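Chemist: I would like to see how this sequence folds:
(4 chains)
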Number of protein chains: 2
Amino acid sequence: MYGRHWWHGHLRRRGYRVTVPRETIIQVLSDADKHLSVEEIFNEVLKLHPGVGLTTVYRTVELLRNMGFVKKYEFGDGLSRYELEKGSKKPHHHHLVCTRCGKIIDYTDFVDEEVVLLRKVENRLTKKYKFDIKNHQIHFYGICDECK
Amino acid sequence: MYGRHWWHGHLRRRGYRVTVPRETIIQVLSDADKHLSVEEIFNEVLKLHPGVGLTTVYRTVELLRNMGFVKKYEFGDGLSRYELEKGSKKPHHHHLVCTRCGKIIDYTDFVDEEVVLLRKVENRLTKKYKFDIKNHQIHFYGICDECK
DNA sequence: CTCCTTATTGACAATAATTTTCAATAATAA
DNA sequence: TTATTATTGAAAATTATTGTCAATAAGGAG
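Modeler: Predicted coordinates for the structure are as follows:
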C-alpha cells in the first residue's frame, strides 16, 4: 500500500494535478479489501468528502486504469468493478463467480501454479499474435454453496 | 452442432415452448463462428425472420444461458456477447483482448495445457468453497499488434 | 503571497444497453 | 377445434455510463 507521496509523484510526473477527489478515491481504493463498483466507491468517497461528484469517480477510475494502476472487472451483472493493482492490500488473485446470486469469491489458492502456467502461455501468445500482454484474469463460474 | 430435434427436446423437456424466434436465434448462434453481441444476433435473425423483436433476443439468449447452453462474455466495452457452449462449431478457446481498440482474438493454442491445470484447480476450489463450478474463462489483456 | 493559466470539477443533460410492462399472439394439451 | 397460458413485439422505463459547460481550484510564474 503506497502512500500519498507515491501517488502524488506518479500523477504529477504525467502532468496530472493532485486534487482532493483524486486523493480521496485513491484512498478508498487503497482501503478496500475487494473490487468496488463505481457506486460503492462513490458512497465511500462521500463519507470522507461530501460534494465529490459521481462523474468524477467515473473519470478518476478510468484515469487510474489508463495509468495502469487500477484493474477493471466485469463479472456479468452489468456493473464494472475496480480494484487497485499496484499498492493494493490484496495479493494477486482470481475469481469464483456465482451465476445465481452474483457472489464473487476471490481466491488465492493455487494462484501461483496458475500464474506459472499463464506466464508460459503468455510468452507464446505474445510471439504468435504479437500482442503486448499486460495482465490476465481467470474466472470460474458456477453455483455457490448457499444457492444450491 | 446439434440439430433441431436436439434443441426441441431440451426446450420441451424443461417445459419451454419451441417457437420461431427461439429456433432462429439458436440457428444464428450455431452458424456463428464467434461470440456475438445481442445486436449482432438481432441483425442476423432479422435476415431470416423479419419481425422478431430485439427484446426477444435478449430474453432468449438469457434463457439459453440459464439452461447452460450459452456462454456470456463481457470484455469491458459495455457489450455482452454470447456464444453457444454446446453444439458449437468452435472448440474450447480463451481470449486475448486489446485494451486500446477492443479487438478480441480467440486462441486455441495451449488451451489443452491450460484446461488440464484448470481442472485440477477447479476440483480443489470445488471442495474448498463448495462451489459447483460450471465453466471458466481466461482473458489476457494487452495491446494488439496494430495498436502499438 | 498573488495572479494567471488551464486542468479539473460538479451538476445536469444525453446516450446506450438492458429490463419491464402489457395486450396480442401462437404453441401445446385436451 | 378449443382452451390455456407461455411467449411475443412494441413501447415505456430503468440503469450505467458519457458528454457538455460554466465554475472552481491546482500549481507555475512573477
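Chemist: what's the single longest helix in chain A?
Modeler: Ordering each helix of chain A by length in residues (DSSP state H) puts helix A:111-129 first.
Chemist: tell me the contacts of A:Val61?
Modeler: Contacts for A:Val61 were tallied using C-beta atoms under 8 Å, 6 or more residues apart in numbering or on different chains; they are A:Ile25, A:Val38, A:Ile41, A:Val70, A:Lys72, A:Tyr82. Quick note: C-beta positions are derived from backbone N, CA and C, even for glycine.
Chemist: near DNA strand C, which of those residues show up?
Modeler: Checked against DNA strand C using C-beta under 7 Å from any atom of the strand, the contacts of A:Val61 yield no neighbours at all.
Chemist: flag every buried residue along stretch A:72-80.
Modeler: Buried positions in stretch A:72-80, judged by neighbour count with 16 or more other C-beta atoms under 10 Å in any protein chain shown: A:Lys72, A:Tyr73, A:Glu74, A:Phe75, A:Gly76, A:Ser80.
Chemist: up against DNA strand C, what does chain A have?
Modeler: Counting by C-beta under 7 Å from any atom of the strand, chain A sits next to DNA strand C at A:15-17, A:19, A:21-22, A:51-53, A:55-56, A:59-60, A:78.
Chemist: next one: stretch A:100-114 to chain centre, how far?
Modeler: 14 Å (C-alpha atoms, centre = their mean, to the nearest Å).
Chemist: again with stretch A:111-125
Modeler: Relative to the centre of its chain, stretch A:111-125 is centred 20 Å away, using C-alpha atoms, centre = their mean.
Chemist: for the residue nearest the centre of chain A, phi and psi?
Modeler: For chain A, A:Glu83 is the residue whose C-alpha lies nearest the centre (C-alpha atoms, centre = their mean; 2.2 Å). Note on A:Glu83: its backbone torsions stand at phi -150, psi 140 [degrees, to the nearest 10].
Chemist: pLDDT of the helix or strand harbouring A:His139, averaged?
Modeler: Counting by DSSP states H and E, the element that carries A:His139 is strand A:132-143. If you average the pLDDT over strand A:132-143, you get 90.
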